[in-house]
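**Q** no FASTA, just this:
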């Protein structure tokens, strides 16, 4: 065994142990699956034993792995503690909270978080940065951000997280497509168009439509795919791709396909849409705060997350989010 053990390999191995999947671990760290596999293979060579067995169910620790992984966890805890303490000692006067925000987050939630930062026991300055999910996750892992607000669609091993908000999602279709869905749901009877726009619709009623997607960077496409996977229903994806939520809504209204959007992202609350339901309950998308529990600001961030949860209204809903 060599004298120097790859810290990157240690982090990859612990992520694989937490997610039970090399693919999910790679997604969590924003790297390719081959890069993560190679990092773990290099670590195994350095340690002199195999940590995981690849199975059809994912990655399972070997007997050697079950002995080593708890030690790897403790080692990573100590490394993170060293970095956090060094930051605290070298930047004692920096009281800013660097917050990354996904474009999918409702601006009202960001405003609420800003108000709560201003009311913390100690004075802080909130520094906001909006970016795609992968960029935010990489910046948090690198210590360039203190907390990120993102859709809860993929876990980040070794980071603290808390669901802070939920909002219902709507389905946008053209008037013609809505009329067909209503006729089908009503056994062929006609329903007033205005009334149909105000009604909710069941996922199973809409699931066979062609769905327009945006680039898989903000979490909305991941959420949509997970929604179909949770129902074990294949998704018929429109062959093109919209570049923004506004274009997504416009194309759906034109009749190119259907689109799923959080209500806060509709261009107009009166825009043509119906609330998406599952067995009579609104389908909700969850948002979470994610932070490094070893950060000097961890207590303040946890307080913020706790306060915003208390302030959020409770919804009776079917919620789809990543498991911790």
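**A** Sure, I can see it. Predicted, not measured: the structure shown is a model, and the values here were computed from it.
**Q** residues touching residue 6, list them.
**A** By C-beta atoms under 8 Å, 6 or more residues apart in numbering, the residues touching residue 6 are 39, 42-43, 46. From N, CA and C alone the C-beta is placed, and that goes for glycine too.
**Q** which of the helices or strands spans residue 226?
**A** helix 220-230 (DSSP states H and E).
**Q** mind giving me the packing neighbours of that helix?
**A** Counting contacts by 3 or more C-beta pairs under 8 Å, 6 or more residues apart in numbering; DSSP states H and E, helix 220-230 packs against strand 147-151, strand 259-262, strand 317-320.
**Q** how is this protein divided into domains?
**A** 7-89, 94-159+289-316, 167-284 (automatic domain parsing).
**Q** got the ones you listed as TSV, with mean neighbour count columns?
**A** As requested, the domains of the chain are exported to TSV (neighbours: other C-beta atoms under 10 Å):
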stretch	mean neighbour count
domain 7-89	17
domain 94-159+289-316	18
domain 167-284	17
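**Q** still on that earlier bit, show me what whatever helix or strand comes next after the helix holding residue 226 is packed against.
**A** Using DSSP H and E, the helix or strand that follows helix 220-230 in sequence is strand 236-237. With contacts taken as 3+ C-beta pairs under 8 Å, 6+ apart, strand 236-237 sits against strand 210-211.
**Q** now find how far off-centre the strand it packs on is within its chain.
**A** 22 Å (C-alpha atoms, centre = their mean, to the nearest Å).
**Q** average pLDDT for that strand?
**A** In this model, strand 210-211 carries a mean pLDDT of 96.
**Q** related to what we said a few turns ago, can I get the contacts of residue 6 in a markdown table with distance to residue 283 and pLDDT?
**A** Listed next are the contacts of residue 6 as a markdown table, based on distance: C-beta to C-beta, whole Å; pLDDT from 0 to 100:
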| residue | distance to residue 283 | pLDDT |
| --- | --- | --- |
| 39 | 37 | 92 |
| 42 | 42 | 92 |
| 43 | 41 | 93 |
| 46 | 46 | 90 |
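**Q** just give me the closest of the residues you listed to residue 111.
**A** Closest approach to residue 111 among these (C-beta to C-beta): residue 39, at 40.1 Å.
**Q** which SSE is the closest one in?
**A** Assigned by DSSP H and E, residue 39 falls in helix 33-47.
**Q** so which residues of this structure form helices?
**A** 7-19, 22-29, 33-47, 63-90, 107-118, 133-141, 175-185, 193-198, 203-206, 220-230, 245-254, 298-311 (DSSP state H).
**Q** can you lay out those helices as TSV showing distance to residue 275?
**A** Shown next, in TSV, are the helices of the chain (distance: least, C-beta to C-beta, whole Å):
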stretch	distance to residue 275
helix 7-19	32
helix 22-29	30
helix 33-47	37
helix 63-90	42
helix 107-118	19
helix 133-141	25
helix 175-185	13
helix 193-198	9
helix 203-206	11
helix 220-230	14
helix 245-254	15
helix 298-311	23
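**Q** which of these has the lowest mean pLDDT?
**A** What stands lowest among the helices of the chain, in mean pLDDT terms, is helix 193-198, with a mean of 41.
**Q** still on that earlier bit, now the two most distant members of the contacts of residue 6.
**A** 39 and 46, at 10.7 Å, using C-beta to C-beta across the contacts of residue 6.
**Q** got any residues that touch both of these two?
**A** 6, 9.
**Q** thought residue 112 was touching residue 308?
**A** Yes. The pair residue 112 / residue 308 is scored as a contact, 6.2 Å apart, by C-beta atoms under 8 Å.
**Q** rewinding a little: which residues does the helix holding residue 39 contact?
**A** Under C-beta under 8 Å, 6+ apart, the answer for helix 33-47 is 1-2, 4-6, 8-10, 12-13, 15-16, 22-23, 25-26, 29, 50-52, 68.
**Q** could you single out the nearest of the contacts of residue 6 to residue 72?
**A** residue 43 (8.9 Å).
**Q** nearest spatial neighbour of the closest one, skipping sequence neighbours?
**A** residue 9 (3.1 Å; C-beta to C-beta, 6 or more residues apart in numbering).
**Q** if you count residues, which strand in this protein comes out on top?
**A** strand 160-172 (DSSP state E).
**Q** average pLDDT for that one?
**A** 92.
**Q** residues in contact with residue 102?
**A** Residue 102 makes contacts with 130-133, 136, 148-151, 218-219, 287, as judged by C-beta under 8 Å, 6+ apart.
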